[in-house]
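Chemist: Sequence first, predicted model second:
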Amino acid sequence: MRFCPYAHRTRLVLLAKGIRHEVININLRNKPEWYFTKHPFGQIPVLENSKCELIYESVIACEYLDDAYPGRKLYPYDYYERARQKMLLELFYKVPHLTKECLVALRCGRECADLKLALRQEFCNLEEILGYQNTIFFGGDCISMIDYLFWPWFERLDVYGIADCVHHTPALRLWIAAMKQDPTVCALLTDKNIFLGFLNLYFQNNPNAFDYGLSC
Amino acid sequence: MSGGSARSLGKGSAPPGQVPEGLIRVYSMRFCPFAKRTLLVLKAKGIGHEVININLKNKPEWFFKKNPFGLVPVLENSQGQVIYESAITCEYLDEAYPGKKLLPDDPYEKACQKMVFELFSKVLTNKKTAFFGGSSLSMIDYLIWPWFEWLVALELNEYVDHTPNLKLWMAAMMKDPAVSSLFIDPKAFRGFLDLYLQNNLEACDYGL
């Protein structure tokens, strides 16, 4: 689905590694019956190869692509550094839920000061990591897997209306700016107006929301 | 391979020194199933290691410098590198040490193991809802329950202390009329199990 942050991770990795692929978008509000043969709960993203092998869970799919395809490795070669990136992912685990809750609260006209505070705290933790490492990216001086795994939620802060949550985290803002310079990130940036158009329709429960912006 | 049965270190204890060259240290707790994962991999791969048990009810202050989450297992090597989260420690050991590979080399086979692990973890953590099917008890809860009933019957239910959502679920299940009316009597169950493990043909009728 064009606006799903989890699927976004997989598309970033496919592009970063130059892996030839085709995309089938699924209408998440009106899933085709056959889709449940691809994923037991009908979730995305799911990878399927020519051997009919299916891989799901965004992080697992991203690692599979890094392992199975040649060229640029997104995870570090060093075992400890690889483990460090996986530990960093643990630090991130509350962010998707909190950003979604903020979005829903704002869209439903509800207060979300507590949620934003909690989100800011999570961003402070990430800020500390960047400060301690003194590197631009989470994996070092070059962009790597962990940066791509974090990115989709940061790209959405603005359209979700919570960009002010990074006001107090300068290193994180520098990271965001650096990410926006990355060719892969750039190539997949979604136009703000299209994203807002999708969100408007989505929160009106319009089944065509997912196709907003496509000319048929 | 020392320390597996050593007393745990608690608040006020001195931080342990550097890990000796040639060994890897695991911070553990004798009854923690997550730490058990790491110990299993260390043993299976024949990795030289030392164990420091942590008193999880009275954690030493220095332990949070090893793992900010304050949980076991944690690995520490002689270069002072620290790895935590049980699955990450296990994968690290498999990659960093020679000998039999526990994870498959094939990327797809490896991904399959990770997908199964994710499903299993969802059962263990069950973060989102009170019951496995939602906010009320349903089929999936009855389908899963019997194995957890065994834990209670064998008085092993403290093993779920580290997975509080699971513990809450078990407590909720035991209040269900169907579950409680069919609850296994611990004594009878132990009697059955003893006979069963001895291949005694009368096992199934124990207590009748």
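Modeler: Perfect, thanks for sending it.

Chemist: pLDDT value on residue 33, please?
Modeler: No chain specified, so I'll use chain A. On pLDDT, residue A:33 comes in at 93.

Chemist: you looked at the wrong chain, it should be chain B
Modeler: Note for residue B:33: predicted pLDDT of 84.

Chemist: try residue B:141
Modeler: 86.

Chemist: do the same with residue B:90
Modeler: For residue B:90, the predicted pLDDT is 96.

Chemist: quick one: what helix or strand has it in it?
Modeler: Using DSSP states H and E, residue B:90 sits in helix B:86-96.

Chemist: could you point out which element follows that helix?
Modeler: By DSSP H and E, the next helix or strand past helix B:86-96 is helix B:107-125.

Chemist: distance between the ends of stretch A:151-169?
Modeler: End-to-end distance of stretch A:151-169 (CA to CA, to the nearest Å): 16 Å.

Chemist: buried sites along it?
Modeler: Buried residues in stretch A:151-169, counted by 16 or more other CB atoms under 10 Å in any protein chain shown: A:151-157, A:159-162, A:165-166, A:169. Glycine gets a C-beta too; all of them are placed from N, C-alpha and C.

Chemist: Cross the residues you listed against helices and list the overlap.
Modeler: A:151-155, A:157, A:159-160 (DSSP state H).

Chemist: Reformat the buried residues of stretch A:151-169 as JSON lines; add distance to chain B and pLDDT.
Modeler: Formatted as JSON lines, those follow (distance: CB to the nearest CB, whole Å; pLDDT from 0 to 100):
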{"residue": "A:151", "distance to chain B": "21", "pLDDT": "98"}
{"residue": "A:152", "distance to chain B": "19", "pLDDT": "98"}
{"residue": "A:153", "distance to chain B": "18", "pLDDT": "98"}
{"residue": "A:154", "distance to chain B": "22", "pLDDT": "98"}
{"residue": "A:155", "distance to chain B": "25", "pLDDT": "98"}
{"residue": "A:156", "distance to chain B": "21", "pLDDT": "98"}
{"residue": "A:157", "distance to chain B": "24", "pLDDT": "98"}
{"residue": "A:159", "distance to chain B": "25", "pLDDT": "97"}
{"residue": "A:160", "distance to chain B": "21", "pLDDT": "97"}
{"residue": "A:161", "distance to chain B": "25", "pLDDT": "96"}
{"residue": "A:162", "distance to chain B": "22", "pLDDT": "97"}
{"residue": "A:165", "distance to chain B": "21", "pLDDT": "97"}
{"residue": "A:166", "distance to chain B": "22", "pLDDT": "97"}
{"residue": "A:169", "distance to chain B": "18", "pLDDT": "97"}
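
Chemist: which one of those sits closest to residue A:185?
Modeler: residue A:151 (6.2 Å; CB to CB).

Chemist: pretty sure the closest one is in contact with residue A:13, am I right?
Modeler: No. Using CB atoms under 8 Å, residue A:151 is not in contact with residue A:13, being 10.8 Å away.

Chemist: elements contacting the least confident helix or strand in chain B by mean pLDDT?
Modeler: None of the helices or strands of chain B scores lower by mean pLDDT, DSSP states H and E than helix B:139-153, at a mean of 86. For helix B:139-153, the helices and strands in contact under the criterion 3 or more CB pairs under 8 Å, 6 or more residues apart in numbering or on different chains; DSSP states H and E are helix B:164-174, helix B:177-181, helix B:186-197.

Chemist: switch the cut-off to 10 Å
Modeler: helix B:107-125, helix B:164-174, helix B:177-181, helix B:186-197 (3 or more CB pairs under 10 Å, 6 or more residues apart in numbering or on different chains; DSSP states H and E).
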